[in-house]
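Peer 1: sequence and computational prediction follow.
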Amino acid sequence: MPSPFVIPLFLSHQGCPHQCLFCNQRGITGSGGDEVTPLQVEETIRRQLAWPRRRPEAPVQVAFYGGSFTGLPRARQAELLAVVQPFLASGQVREIRISTRPDYLNPEAALFLKNNGVRLVELGAQSLADQVLVASGRGHSAAKVPEAVAVLRGAGLRVGLQLMLGLPGETTRLAVQSASAAAALAPDLVRLYPCLVVAGSPLATLHRSGAYRPLGLARAVALAARLWRIFAAARIPVVRMGLQPSPSLEQNLVAGPYHPAFGELVLSRLFFNRVRKLLAGRDPDRLHTLVVAEADASIHRGQGKVSIRRLANLGLLAGVETVYSPAQPRQQPCLLAGRQDRLDKLSHLG
Ligand code: SF4
């Protein structure tokens, strides 16, 4: 499915058995935590459908986030999903997505979701390493993740996996193993979130006592890039890296690798590595043209043109002209040797 237009509905901590060590949904989203009423759900959907959209052709997805949807009493799940049914029937909304815990699913619960318009379930897996799950107070084992994926697939639902980087007890080796195990489950999509210390979370207390040290930003970016490559090799889209920036998150942030454009930092790093490899293999005695997709211009340059400066400092831009082409496929920079060669090739690119 192409990228949807998402109508988000936050269910802060509703359905959760306890507060996981790193979590404070209220601090992250700024939502008050009051039970959202069916009328509020309906009004939110109507309001957002009425807004002008940048991509009016994008399918609309109603997403219940921020809690454990299948931990809610079944009548409450039914009440929330019922509000969306008329919008599904009229075609204004394509599908419903929910988020939940891997240990809160069984075949019957999955079938209920499927029969009520849910098409995508995102599992807050966070890690597939038992020691990390224990240290993070998750309350379930890593084995619950493949079990939940199998249950969801059995009901014909698409599956998303959310992983966190830098949780207590996680090493780089465990993060890589965890991502490889997640990729082996072939989810339909993945989200990667660096672990942040948010005020009001038990992790904030651990951090204050010195018992937890978050990843630094550079390390988190490097690790996310490494995990991104694991999923890319398995052709699994990583649809988000880093939490959605919000004033509430920024006010409640105590420590950790936060950046409002974290995903862009990761993509820039990946792009930089690709371009560096291309340029390092060139014949330095010839002129070259580096062709970059127009839409990749900002990740190629990097924040404040940091990537361009690094390439220049490495001496890799001497004799190289960069062309941003609307016809070049995204994420696939290419290097053309010689000016004539470049012009010939570019005439094909349009
Ligand atoms: S991480 Fe998920 S299950 Fe844990 S408290 Fe937060 S929303 Fe609930």
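Peer 2: On my side now, so go ahead.
Peer 1: pull out the buried positions in stretch 159-179.
Peer 2: In terms of neighbour count (16 or more other CB atoms under 10 Å), stretch 159-179 has its buried residues at 159-168, 170, 174-175, 178-179. Bear in mind the C-beta positions are built from the backbone N, C-alpha and C, glycine included.
Peer 1: just checking that stretch against the ligand, any contact.
Peer 2: No - Stretch 159-179 lies apart from the ligand when judged by CB under 6 Å from any ligand atom; the minimum separation is 8.8 Å.
Peer 1: pLDDT on the helix or strand hosting Leu161, on average?
Peer 2: Leu161 is located in strand 158-165, with elements delineated by DSSP states H and E. Average pLDDT, strand 158-165: 98.
Peer 1: tell me where the stretch 201-350 of the chain has helices.
Peer 2: 202-209, 217-233, 247-252, 262-280, 297-301, 306-313, 339-349 (DSSP state H, counting those that start in this stretch).
Peer 1: now swap in the stretch 51-200 of the chain and tell me
Peer 2: Secondary structure of the stretch 51-200 of the chain (DSSP H, counting those that start in this stretch): helices at 74-89, 107-115, 130-135, 144-154, 172-184.
Peer 1: make TSV out of the ones you listed and add mean pLDDT.
Peer 2: Converted to TSV, the helices of the stretch 51-200 of the chain look like this (pLDDT from 0 to 100):
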stretch	mean pLDDT
helix 74-89	97
helix 107-115	98
helix 130-135	96
helix 144-154	98
helix 172-184	98
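Peer 1: low pLDDT regions in this structure?
Peer 2: Along the chain, the model assigns pLDDT under 70 to residues 27-34, 339-350.
Peer 1: so which bits of it are right by the ligand?
Peer 2: So far as CB under 6 Å from any ligand atom goes, the chain lies against the ligand at His13, Cys16, Gln19, Cys20, Cys23, Gln25, Gly67, Ser68, Arg101, Gly124.
Peer 1: let's see it at 8 Å
Peer 2: Neighbours of the ligand within the chain, by CB under 8 Å from any ligand atom: 12-13, 15-20, 22-25, 66-68, 71, 99, 101, 124, 126, 138.
Peer 1: what's the PyMOL line that selects buried ones from those residues?
Peer 2: A single PyMOL command is used to select the members of these judged buried by 16+ other CB under 10 Å:
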select buried, resi 12+13+15+16+20+22+23+24+25+66+67+68+71+99+101+124+126+138
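Peer 1: do a quick rundown of the strands in the stretch 1-150 of the chain.
Peer 2: 5-10, 60-65, 95-100, 118-126 (DSSP state E, counting those that start in this stretch).
Peer 1: now those as a markdown table including distance to Val132?
Peer 2: Below are these laid out as a markdown table (distance: least, CB to CB, whole Å):
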| stretch | distance to Val132 |
| --- | --- |
| strand 5-10 | 26 |
| strand 60-65 | 22 |
| strand 95-100 | 19 |
| strand 118-126 | 8 |
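Peer 1: distance of the residue in the chain sticking out farthest from the centre from Gly315?
Peer 2: Distance from the centre of the chain peaks at Asp285, with 42.2 Å (CA atoms, centre = their mean). To Gly315, Asp285 is 14 Å away according to CB to CB, to the nearest Å.
Peer 1: phi and psi next, for whichever residue of the stretch 201-350 of the chain sits closest to the ligand.
Peer 2: Minimum separation of the stretch 201-350 of the chain from the ligand (CB to the nearest ligand atom) falls at Ser201, amounting to 9.0 Å. Main-chain torsions, Ser201, degrees, to the nearest 10: phi -90, psi 150.
Peer 1: begin at 53 from now on, thanks
Peer 2: Renumbered: residue one is now 53, and that last one reads Ser253.
Peer 1: chain neighbours aside, what residue packs nearest to it?
Peer 2: Using CB to CB, 6 or more residues apart in numbering and skipping the chain neighbours, the partner closest in space to Ser253 is Asn76 (4.2 Å).
Peer 1: cool, Gly354 as well?
Peer 2: Nearest one to Gly354, counting by CB to CB, 6+ apart, is Ser320 at 4.4 Å.
Peer 1: that neighbour contacts Ala349, correct?
Peer 2: No - Ser320 is beyond contact range of Ala349, at 11.1 Å (criterion: CB atoms under 8 Å).
Peer 1: the residue nearest to the spatial centre of the chain bridge partners, please.
Peer 2: The centre of the chain sits closest to Arg292, judged by CA atoms, centre = their mean, with a distance of 2.2 Å. Counting by DSSP bridges, Arg292 is bridged to Arg243.
Peer 1: isn't it up against Val318?
Peer 2: No - if you go by CB under 8 Å, Arg292 and Val318 don't touch, sitting 10.6 Å apart.
Peer 1: before we move on, the earlier item: which one of the helices of the stretch 253-402 of the chain lies nearest to Thr89?
Peer 2: Nearest of the helices of the stretch 253-402 of the chain to Thr89, taken as CB to CB: helix 299-304 at 21.3 Å.
Peer 1: packing partners for the closest one?
Peer 2: With contacts taken as 3 or more CB pairs under 8 Å, 6 or more residues apart in numbering; DSSP states H and E, helix 299-304 sits against helix 77-81.
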